[in-house]
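*Asks:* what follows is a predicted protein model with its sequence.
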Amino acid sequence: MNPGDLFILSPLVLIAAGAVLIMLVAAFYRSRLVAALLSLGTLAAAFCALPAVYSPKVAHVTALIVIDGYGLTFVGLVLGGTFAVAVLSYGYLEGTNEQPEEFYVLLMTACLGAAVVACSSHFASFFFGLEILNVSLYALIAYARRRSRGLEAALKYLAPAATADAFLLFGMALVYCKLGTMSFFKLQDLLVHQDGPIVSAGMAIFFLGIAFKLALVPSYMWAPDVYEGAPAPVTAFMATVSKGVMFVFLFRYFGELGSNSGNNLFILFSIMAVGSMFAGNLLGLLQRNVKRMLACSSIAHFGYVLVAFLSGGSLASAAVTIYLTVYFLMTLGAFGVIAVLSRTDREAETFADFQGLAWRRPWPALVLTTMLLSLAGIPVTAGFLAKLYILAAGAEVGRWALVVLLIVNSVIGLFYYFRLIVTLYLPVDVQTRAEFPYIPAAARVLLALLTLFVLFLGLYPGPLVDVGNIIKATV
Amino acid sequence: MLELLWLIPTLPLVGFLILAFAGPRLPRPASALVGVLSVVFSAFVTLVVAAAFVSLPPENRVYAQVLRTWMEIGPFKPEIALYMDPLSLIMLVVVTVVGSLIHIYSVEYMIDDDGYSRFFAYMNLFVSSMVILVLADNLLVLYVGWEGVGLCSYLLIGFWYREDVNAQAAMKAFIVTRIGDTAMAVGLFLLFTTFGTLNIQAVMKAAGSADSATAAAVTLAALLLLGGAVGKSAQLPLQTWLPDAMAGPTPVSALIHAATMVTAGVYLIARTHVLFSVGEWIQPVVAGIGLATLLLAGFSALTQSDIKRVLAYSTMSQIGYMFLALGVGAWSAAMFHFFTHAFFKALLFLAAGSIIVSLHHEQNMFKMGGLRTQLPVTFWTFLIGAASLSSLPLVTSGFYSKDAILWGVWTSARGGWWLTAGALLGAVLTSLYTFRMVFLTFFGEPRQTVTRKPGGFLHIPMLVLAFGAVAVGFLETPLTLGDVRLFSTFLGTALPSHETVYREAGELIFQLICITASVAGVYIAYRLYLRGRQRVEHPTDPPAWAALHRFWFVGWSFDLLYDTLFVKPFLWIARLNRRDVVDLLSIASAWVMEACHEVLSLLQTGRLRHYTLGVALGAVAAIAIMVFL
């Protein structure tokens, strides 16, 4: 490790420094605004550092971290997602009983963990990043500690997450004992040729651990409970950043292996993809809680991305990039609306809360409508285009069964997205109407931008496609 | 200057967006200003672009502008591109110039209407869609414009939607043209599967060198595109919607249902002319449709009492002439007639509109009369339009364009004496119904007094169009009268030349016959409607004549025919299937989904131990798959 390496790592270093800085400042001067501004500044600085450290040559910093175009792009996405969550939490934390400053410290460390996962090239760094992310999340989920449901959600996340970590470690140990390496680049080459009960069992257990983080079948059941109980901005973070980086990691090292249809891994992932699509959409069908419904939607959406993962043709990497980006935009938008209408002590989350929102708060209702249309994949929104790319990627290599099941699931999904949209435009129910808080200007701007992006990319996807093609070139 | 091309569709679109979003809050003058200026600027840009285009050497007169690649999914890479050649330029000039005149006219015509800004919003959207249709370099983009103008036509026919009749007329227009559009869409799919592209030039090139295997597909595609053209241009058998479309405001009739949109079918056939010459029998079909429509509409026009319906049937009939010319391969004659027709027919509609506002929205010609002295400007401009429509010799543009068509039909390798005879009969009918209109409206005893004098906004566009209705004829004159060939030479790089055979009768003699036909029509009208007005107003005897009159009056009973053949059986089946049998399938699928939801919900117990159990079972299954499969 030399000073040059340190410079290459500067985005990660900046985030870590930001976390420390907020903690130190909070020790002397408690202010929600200062903490929020510091975290936003840190994220912006780290974002600006991304193009500076980029070089066409892949940089291996020690055996643990790899910095290349692929990783940096998704670190950028992680930073953007965290930025949005930080903006959303500012209003959400207003008037909270807790100390709001540490929330931002935890958000920074969670972001750091996610970024490390996106750049990891070794099992040690991967697990290390994952644990930074997880431990921060336990605390974030339970942040409103006087409310029992936050604590319940944290426990429900902690116990299965610990189980999943054990799976990951055990699986990796099995693979290591046969192949003798923990570097993913080396594993990538070795796994193509090596096959045997120990390695296979190790891989099975390892991917099950990853499936937990992605809330895929069979370990999806925690997701609705945890998403419902966690504070709305934290839910947004879990649904986007924390899931996104796991997928980025999975696609980078196992995309080639998993898309080889002769492999057992392909069967395993196909079952996960189809199962998640159906489980998510069917479970979402008649939910009365918007956060639970969006949790189910998120389960289904990662089933969709897995279809692109399983296709592995020339379009797969572009499809994954585009889908993840668009998924970030629309999920942040949807949870963002919930977050801006909520405070730590009273969340707007049931269908009754949202009934007639369009007549009471037209702009948030418009944002939520756009996001739901996009999640449903209606044309003119970015969600349609992203889904189209996945279908094209699947069709290109002839994965017709997956493509057809994806379409069937899109139809099922339509039902619950539209059910919520209809609710937004129903007459207001005077008896159950909830009081909505004031929305800070920053959050308004953020939601407006997300909506414009979703519409703009739906009409004219050119720029996003260019990014997708760049990623394709780097993989 | 050619780079400005993209502004031509964009300006009216911006006007539409402003009016659509801010319209109700804008004061009337502001709405009018936005609506008119966007189209006037667009026309100005068109003229600038046209000047730059004409100054190019003839062999370079093609300009393609790629704006952006819309998206890129593997080989699917649609581009947003515009394509201009002499053919699209002529359409473009008509759409924007005549369009802006009609917009100016509407400022006064619509002034009392509640939906003032809504009107201009629709009109701007129409101009923008029509320009997109014309400038498309790709059949898919053309189809977008095609549907866009169809939508605007629907919205504007039903502009006064509170009246049931208007809403029904709008629906009829939409559904009938939709039948044609569906055929056209299928034709586009067919072309795409055959050639793998929808780029117009690429398709034309590929179709030009089609082998016998693809020739059948191309011929079928041409027939399907003809279906679309027939629907849009109100030709047999999809002509029934146009007379009812007169329910819209008169400027709409002038712009959409006379000058521009209804001629889109002519443009489509000219644009894709290569497809139509692949199969031997397609062009004769086009000619036959044209001839049948022009006669049918001509007879119907004779019996109408509503001035706008006469003009509607007349439009149908004149487009029939264009189809006839396309069918015999007289490509540039068809476009020339389109060009002159746009001027004089728009003029006639606008003049009729000024009569209608002057007489408290009276449209029945038998309640008019003697307006010659009361509305002098309207009278003289209407007369110029009528003379042009009747193709009175030498000084009217209609004379030169219709003469070109008739001569083209007579000399064409694909023509024949019976096509020529039919077209000549049509010429007699045209001048007969036109001057019937003139004599009933402007001559005789006044029946009503003028309540409102038309002002400058009505008069100026009419005067400009009247000038055009005379002047544009001199762009193309026959051999015997100066032999000016500006129009056909200009189009020569975009359309093939006319295959002719030598005919015994000389051109001069043929022209004399045509002139005789036109003048004969005027003379019969004079005898019947000026001298013997009382008799024709009550055509009760003999009964056979009354029945025939009735038959023509309702447009040869096509409405009744379609009602019995299609609408009633359809409604009958719909009623029979009130509890939709097919629906049961989807309802059943909803039940299954709900049941699945219940099952999955039962698994969500909220208990941690069940969740971890699920993970453990999953692990066993995963290991089994990986190790044993």
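*Replies:* Happy to help now that I have it. Model, not experiment: these values are computed from the prediction.

*Asks:* helix or strand next in line after the strand or helix carrying B:His337, which one?
*Replies:* With the criterion set as DSSP states H and E, the secondary-structure element containing B:His337 is helix B:331-358. Taking DSSP H and E as the definition, the helix or strand that follows helix B:331-358 towards the C-terminus is helix B:371-374.

*Asks:* quick one: average confidence on the next helix or strand after that next one?
*Replies:* Sequence order places helix B:376-389 as the next helix or strand after helix B:371-374, per DSSP H and E. Rounded to a whole number, the mean pLDDT of helix B:376-389 is 91.

*Asks:* tell me which residues in helix B:376-389 are buried?
*Replies:* Along helix B:376-389, these residues count as buried under the neighbour rule (16 or more other Cβ atoms under 10 Å in any protein chain shown): B:377-389. C-beta here means a position set from N, CA and C on the backbone, and glycine is covered the same way.

*Asks:* try stretch B:601-610
*Replies:* Of the residues in stretch B:601-610, those buried under the neighbour-count criterion (16+ other Cβ under 10 Å) are B:Gln604, B:Leu608.

*Asks:* mind checking the SS state of the residue of the stretch 101-250 of chain A found nearest chain B?
*Replies:* Taking Cβ to the nearest Cβ, chain B has its nearest neighbour within the stretch 101-250 of chain A at A:Pro218, 2.9 Å off. With DSSP: H, G, I helix; E, B strand; the rest coil as the basis, A:Pro218 sits in coil.

*Asks:* okay, now it: neighbour count?
*Replies:* As a burial measure, the neighbour count of A:Pro218 was computed by other Cβ atoms under 10 Å in any protein chain shown and equals 22.

*Asks:* a markdown table for the buried residues of helix B:376-389, including distance to B:Pro461?
*Replies:* Compiled in a markdown table, these are given as follows (distance: Cβ to Cβ, whole Å):
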| residue | distance to B:Pro461 |
| --- | --- |
| B:Val377 | 12 |
| B:Thr378 | 12 |
| B:Phe379 | 16 |
| B:Trp380 | 15 |
| B:Thr381 | 10 |
| B:Phe382 | 13 |
| B:Leu383 | 17 |
| B:Ile384 | 14 |
| B:Gly385 | 12 |
| B:Ala386 | 17 |
| B:Ala387 | 19 |
| B:Ser388 | 16 |
| B:Leu389 | 18 |
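
*Asks:* can you name the two of these that are farthest apart?
*Replies:* Maximum pairwise distance among those (Cβ to Cβ): 18.5 Å, between B:Val377 and B:Leu389.

*Asks:* which residues of the stretch 151-300 of chain A lie near chain B?
*Replies:* Proximity of the stretch 151-300 of chain A to chain B, by Cβ under 8 Å from any Cβ of the partner chain, involves residues A:155-156, A:159-160, A:163-164, A:167, A:197, A:200-201, A:203-205, A:207-208, A:211-212, A:217-219, A:221-222, A:224-225, A:264-265, A:267-268, A:271, A:278-279, A:282-283, A:285-286.

*Asks:* which other residues reach the lowest-mean-pLDDT helix or strand in chain A?
*Replies:* Within chain A, confidence by mean pLDDT, DSSP states H and E is lowest for helix A:462-474 among all helices and strands, at a mean of 75. Applying Cβ atoms under 8 Å, 6 or more residues apart in numbering or on different chains, the external contacts of helix A:462-474 come out as A:68-70, A:73, A:314, A:317-322, A:325-326, A:382, A:385, A:389, A:457, B:68-72.

*Asks:* close to chain A: what parts of the stretch 401-550 of chain B are there?
*Replies:* Proximity of the stretch 401-550 of chain B to chain A, by Cβ under 8 Å from any Cβ, involves no residues.

*Asks:* shaky segments in the stretch 401-550 of chain B?
*Replies:* By pLDDT under 70, the low-scoring segments of the stretch 401-550 of chain B are B:499-505, B:532-542.

*Asks:* show me where it has its strands.
*Replies:* For the stretch 401-550 of chain B, no strands turn up when DSSP state E, counting those that start in this stretch is the criterion.

*Asks:* got a list of what residue 61 touches?
*Replies:* In the absence of a named chain, chain A is used. Applying Cβ under 8 Å, 6+ apart, the residues contacting A:Val61 are A:Met1, A:Asp5, A:Ile8, A:Leu9, A:Ile67.

*Asks:* wait, chain B was what I had in mind.
*Replies:* If a contact means Cβ under 8 Å, 6+ apart, then B:Arg61 has B:Phe53, B:Val54, B:Asp85, B:Pro86, B:Thr493, B:Ala494 as its contacts.

*Asks:* one more: B:Ile307?
*Replies:* With contacts taken as Cβ under 8 Å, 6+ apart, B:Ile307 has the following neighbours: B:Ala352, B:Ile355, B:Ile356, B:Gln363, B:Asn364, B:Met365, B:Met368, B:Met437, B:Thr441.

*Asks:* out of the contacts of A:Val61, who has the most neighbours?
*Replies:* Within those, A:Ile67 tops the neighbour count with 25 neighbours, counted by other Cβ under 10 Å.

*Asks:* helix, strand, or coil at B:Asp113?
*Replies:* When the structure is reduced to helix, strand and coil (three-state DSSP), B:Asp113 reads as coil.

*Asks:* in what helix or strand does the residue nearest to it when sequence neighbours are not counted lie?
*Replies:* For B:Asp113, the nearest residue in space outside its immediate sequence neighbours is B:Phe119; the separation is 6.5 Å by Cβ to Cβ, 6 or more residues apart in numbering or on different chains. Applying DSSP H and E as the criterion places B:Phe119 in helix B:116-135.

*Asks:* for that helix, name the packing helices and strands.
*Replies:* Using 3 or more Cβ pairs under 8 Å, 6 or more residues apart in numbering or on different chains; DSSP states H and E as the contact definition, the elements that helix B:116-135 packs against are helix B:7-22, helix B:28-54, strand B:79-84, helix B:86-93, helix B:99-109, helix B:139-157, helix B:264-271.

*Asks:* which residues are in contact with B:Ala517?
*Replies:* Neighbouring residues of B:Ala517 by Cβ under 8 Å, 6+ apart: B:Leu424, B:Leu425, B:Ala427, B:Val428, B:Ser431.

*Asks:* output these as CSV; include the columns neighbour count.
*Replies:* What follows is the contacts of B:Ala517, written out as CSV (neighbours: other Cβ atoms under 10 Å in any protein chain shown):
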residue, neighbour count
B:Leu424, 20
B:Leu425, 16
B:Ala427, 27
B:Val428, 20
B:Ser431, 25
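
*Asks:* with distance to B:Thr96 as extra columns, can I get these in CSV?
*Replies:* As requested, these are exported to CSV (distance: Cβ to Cβ, whole Å):
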residue, distance to B:Thr96
B:Leu424, 35
B:Leu425, 36
B:Ala427, 31
B:Val428, 35
B:Ser431, 31
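
*Asks:* out of those, which sit inside helices?
*Replies:* B:Leu424, B:Leu425, B:Ala427, B:Val428, B:Ser431 (DSSP state H).

*Asks:* looking at the residues you listed, which is nearest B:Tyr161?
*Replies:* Distances from B:Tyr161 to those, taken as Cβ to Cβ, are shortest for B:Ser431 (37.2 Å).

*Asks:* what distance do you get for that closest one to chain A?
*Replies:* Between B:Ser431 and chain A the distance, using Cβ to the nearest Cβ, to the nearest Å, works out to 51 Å.

*Asks:* how about the residue nearest to that residue when sequence neighbours are not counted, what does it touch?
*Replies:* Leaving out its chain neighbours, the residue that sits closest to B:Ser431 by Cβ to Cβ, 6+ apart is B:Gly521, at 3.0 Å. Under the criterion of Cβ under 8 Å, 6+ apart, the neighbours of B:Gly521 are B:Ser390, B:Ala427, B:Val428, B:Leu429, B:Thr430, B:Ser431, B:Leu432, B:Thr434, B:Phe435.

*Asks:* what subset of the contacts of B:Ile307 is buried?
*Replies:* Taking 16+ other Cβ under 10 Å as the criterion, what is buried in these is B:Ala352, B:Ile355, B:Ile356, B:Gln363, B:Met365, B:Met368, B:Met437, B:Thr441.

*Asks:* for the chain, which spans come out with low pLDDT?
*Replies:* If you meant another chain, say so; for now it's chain A. Low-confidence segments of chain A, defined by pLDDT under 70, are located at A:1, A:432-433, A:473-475.

*Asks:* my question was about chain B
*Replies:* Applying pLDDT under 70 to chain B flags the ranges B:70-76, B:499-505, B:532-542.

*Asks:* nice, that's everything, thank you.
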